[in-house]
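K.L.:
what's the 3D shape of this:
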Amino acid sequence: MIQNNPRFVNDVERYNKAIEQMEEGQARDEVKKLLTELILTVKEMDNRFVDMIYSKQLPSIGNEMRDKITDLRKKLNDRIKFIQK
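P.N.:
The predicted structure follows:
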């Protein structure tokens, strides 16, 4: 499961620490929203994994969700780097 993967857990902790250091406001809210969306997407992918295997939709659904996760991580990293400058 991705949500229990040490790398993912560490990333979520890192994102949360960065959010804690941000000033209240729109940028912080946006980063919180992205993090929540990332966590929910990962949970959804984990929950659908068995279904995807049995329905043979793993390549299409898996790729779409993986792309979404990659996009959300990139946005989070970019926003955090920009705000921390």
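
K.L.:
tell me the helices and strands packed up against the helix or strand Ile69 falls within.
P.N.:
In this assignment (DSSP states H and E), Ile69 forms part of helix 58-84. On a contact count with 3 or more C-beta pairs under 8 Å, 6 or more residues apart in numbering; DSSP states H and E, helix 58-84 meets helix 6-21, helix 26-55. From N, CA and C alone the C-beta is placed, and that goes for glycine too.

K.L.:
what mean pLDDT does it get?
P.N.:
Helix 58-84 carries an average pLDDT of 84.

K.L.:
got the angle between that helix and helix 26-55?
P.N.:
Taking axes from the mean of the first three to the mean of the last three C-alpha atoms, to 10 degrees, one finds helix 58-84 and helix 26-55 inclined to each other by 170 degrees.

K.L.:
show me how far helix 58-84 is from its chain's centre.
P.N.:
6 Å (C-alpha atoms, centre = their mean, to the nearest Å).

K.L.:
list the buried residues for it?
P.N.:
By 16 or more other C-beta atoms under 10 Å, the buried positions in helix 58-84 come out as 65, 68-69, 72-73, 75-76, 79-80, 83.

K.L.:
if we can go back for a sec, least confident of the helices and strands packed on helix 58-84, on average?
P.N.:
helix 26-55 (a mean of 87).

K.L.:
need the contact list for the most centrally placed residue in the chain.
P.N.:
With distances taken as C-alpha atoms, centre = their mean, Leu38 lies nearest the centre of the chain, 2.5 Å away. Going by C-beta atoms under 8 Å, 6 or more residues apart in numbering, Leu38 touches 12, 69, 72-73, 76.
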